[in-house]
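Novice: Got a predicted model here, sequence first, then my questions.
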Amino acid sequence: MTDEQTRLIHLIDELRNANQLLVDGFGALQEITIDNDFYHVPHQLIASGLERLMKCFISIVHHGRTGAFPDMYFMKSLGHNLNDIKHEIWQNYYGGRNRPFVSAEFYALTTDQHLTDAISILSLFGRFGRYYNLDVVAGSHRDPVDPKAEWRELESRIESPVPYLADTELLYREYYPRINSLLVGRLERFVRAIALQFTIGDHTDPKKYIRQSAVAFSNFRNLRDEELGQKDYRRSVKVLQSKKESWVNRTDSEILNSDCQTRIVERSDFKGDWPFRADRVILECIDSIFLIVNIDGYAYSLNGAASSRYNLPSPHDAGIAILGKSIGPFIEMAREAQP
């Protein structure tokens with residue numbers, strides 16, 4: 001194996017590392033709720049994943065143009081500022097702009113202030129914010145950067161939490177999932193744009209190294225617009241679904257022929273933003289208190305009473321409802337269901 005082939009293998013391996021860091025980081029961000037404000041993990045994972053992805057992309061395009069991978073001097077010159085690396089890509093490495101889709105994505109991404117703010121905070125975290133608390137303890141002469149506070153301000157700029165402050169359940173069920181969905185969707189779109197450059201960036205690629213590297217980010221490259229912000233990356237969902245054999249499971253006949261109030265709702269008949277990953281659900285109201293949604297035979301809680309009484313997972317926690325989409329209308333319909 002030649003030195004060049006060895007470098008290519010390691011570059012592709014680093015792309016896979018970047019991919020996993022981003023997947024885990026997006027999942028950790030989706031886990032943020034009113035009772036979990038540990039932003040350190042998603043910030044660290046996403047910042048590292050973005051830096052590795054962008055530097056690998058620049059490196060492989062550099063090889064196509066010059067016939068050699070960049071040396072240490074070039075790599076160090078890129079620095080660790082995510083905005084600077086992103087700007088370098090926009091200015092010198094973002095190809096294929098003659099394609100309408102690529103051009104439209106370039107405009108959308110370069111004018112998205114919330115995306116710019118998110119990457120700025122992640123960049124500050126990667127360079128300074130990781131040791132915010134220790135910097136304060138040590139009396140650092142540099143103004144400490146508090147990435148958690150910066151991120152919360154960004155969340156508030158996207159949507160104010162004030163209308164939800166009087167209802168903890170709404171904060172947990174509606175506000176944080178929606179905010180996290182919007183932020184993950186923006187970051188996914190940015191990652192997808194870089195991933196697409198490996199295939200439709202029209203870069204010089206005499207040895208097909210860029211094409212060979214593309215497979216490492218096929219999961220992001222293949223994301224459709226309507227999927228942005230809706231994929232569930234949370235590890236907790238996988239853990240919960242691994243216990244599915246213990247969940248309440250009944251046939252439609254058993255549900256509909258019970259003494260409880262029930263109602264069938266189908267996506268085609270629903271006038272709002274359908275939140276479930278299935279096209280048909282059966283709502284159930286037990287004793288006018290316990291609200292349940294049945295999906296593909298499995299029961300999920302629509303309120304805390306049902307969760308506590310029957311030990312049911314919520315549809316969002318189980319990954320059967322899309323984060324950021326409200327199940328509020330189905331709670332009301334369950335209450336109004338007729339026997």
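Specialist: Ah, there it is.
Novice: buried stuff in the host helix or strand of residue 176?
Specialist: Element membership for residue 176 (DSSP states H and E) is helix 176-200. Neighbour counts using 16 or more other C-beta atoms under 10 Å place 176-199 of helix 176-200 among the buried residues. Glycine gets a C-beta too; all of them are placed from N, C-alpha and C.
Novice: helices and strands around it, which ones?
Specialist: With contacts taken as 3 or more C-beta pairs under 8 Å, 6 or more residues apart in numbering; DSSP states H and E, helix 176-200 sits against helix 3-30, helix 40-66, helix 100-110, helix 113-127, helix 147-158, helix 209-213, helix 218-221.
Novice: With respect to burial, which of those scores highest?
Specialist: Most buried of those, by mean neighbour count (mean count of other C-beta atoms under 10 Å): helix 40-66, with a mean of 21.
Novice: Output the contacting helices and strands for the next helix-or-strand element following that helix.
Specialist: With elements assigned by DSSP H and E, the helix or strand that comes after helix 40-66 is helix 72-77. Secondary structure elements in contact with helix 72-77, counted by 3+ C-beta pairs under 8 Å, 6+ apart, are helix 40-66.
Novice: Quick check: mean pLDDT of the helix it packs on?
Specialist: Per-residue pLDDT values over helix 40-66 give a mean of 96.
Novice: can you check stretch 221-241 too?
Specialist: Confidence over stretch 221-241, taken as the mean pLDDT, stands at 94.
Novice: Repeat that for stretch 157-168.
Specialist: Summarised as a single mean, pLDDT over stretch 157-168 is 89.
Novice: and that stretch, which residues are buried?
Specialist: Using 16+ other C-beta under 10 Å as the test for burial, stretch 157-168 gives residue 164.
Novice: Equivalent analysis for stretch 280-292, please.
Specialist: The neighbour-count criterion (16+ other C-beta under 10 Å) identifies 281-286, 290-292 as the buried residues of stretch 280-292.
Novice: same check, this time on stretch 240-254
Specialist: Quick answer for stretch 240-254 (16+ other C-beta under 10 Å): 240, 247.
Novice: again, but for stretch 328-339
Specialist: Of all the residues in stretch 328-339, those buried under the rule 16+ other C-beta under 10 Å are 330-331, 333-334, 337.
Novice: What lies in contact with that stretch?
Specialist: 174, 259-263, 265, 270, 272, 275, 281, 283-285, 288, 291-293, 302-303 (C-beta atoms under 8 Å, 6 or more residues apart in numbering).
Novice: Please produce TSV containing the helices and strands packed on helix 176-200, extended by distance to residue 79.
Specialist: As requested, the helices and strands packed on helix 176-200 are arranged in TSV below (distance: least, C-beta to C-beta, whole Å):
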stretch	distance to residue 79
helix 3-30	17
helix 40-66	10
helix 100-110	20
helix 113-127	9
helix 147-158	18
helix 209-213	22
helix 218-221	24
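Novice: wait, which of those is closest to residue 89?
Specialist: Checking the helices and strands packed on helix 176-200 against residue 89 by C-beta to C-beta gives helix 40-66 as the closest, at 6.1 Å.
Novice: centre of the chain versus the closest one, how much separation?
Specialist: If you compare the mean C-alpha spot of helix 40-66 with that of the full chain, they lie 18 Å apart, counting by C-alpha atoms, centre = their mean, to the nearest Å.
Novice: which helices and strands does it pack with?
Specialist: On a contact count with 3+ C-beta pairs under 8 Å, 6+ apart, helix 40-66 meets helix 3-30, helix 72-77, helix 82-92, helix 113-127, helix 147-158, helix 176-200, helix 209-213.
Novice: cutoff 6 Å now
Specialist: Counting by 3 or more C-beta pairs under 6 Å, 6 or more residues apart in numbering; DSSP states H and E, the packing neighbours recorded for helix 40-66 are helix 3-30, helix 113-127, helix 209-213.
Novice: Dump the ones you listed into CSV; add mean pLDDT as well.
Specialist: Rendered in CSV, the data for the helices and strands packed on helix 40-66 read as follows (pLDDT from 0 to 100):
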stretch, mean pLDDT
helix 3-30, 97
helix 113-127, 90
helix 209-213, 96
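Novice: Tell me the residue in this structure that is farthest from the middle.
Specialist: The outermost residue of the chain relative to its centre, with distances by C-alpha atoms, centre = their mean, is residue 259 at 40.8 Å.
Novice: All set now, cheers.
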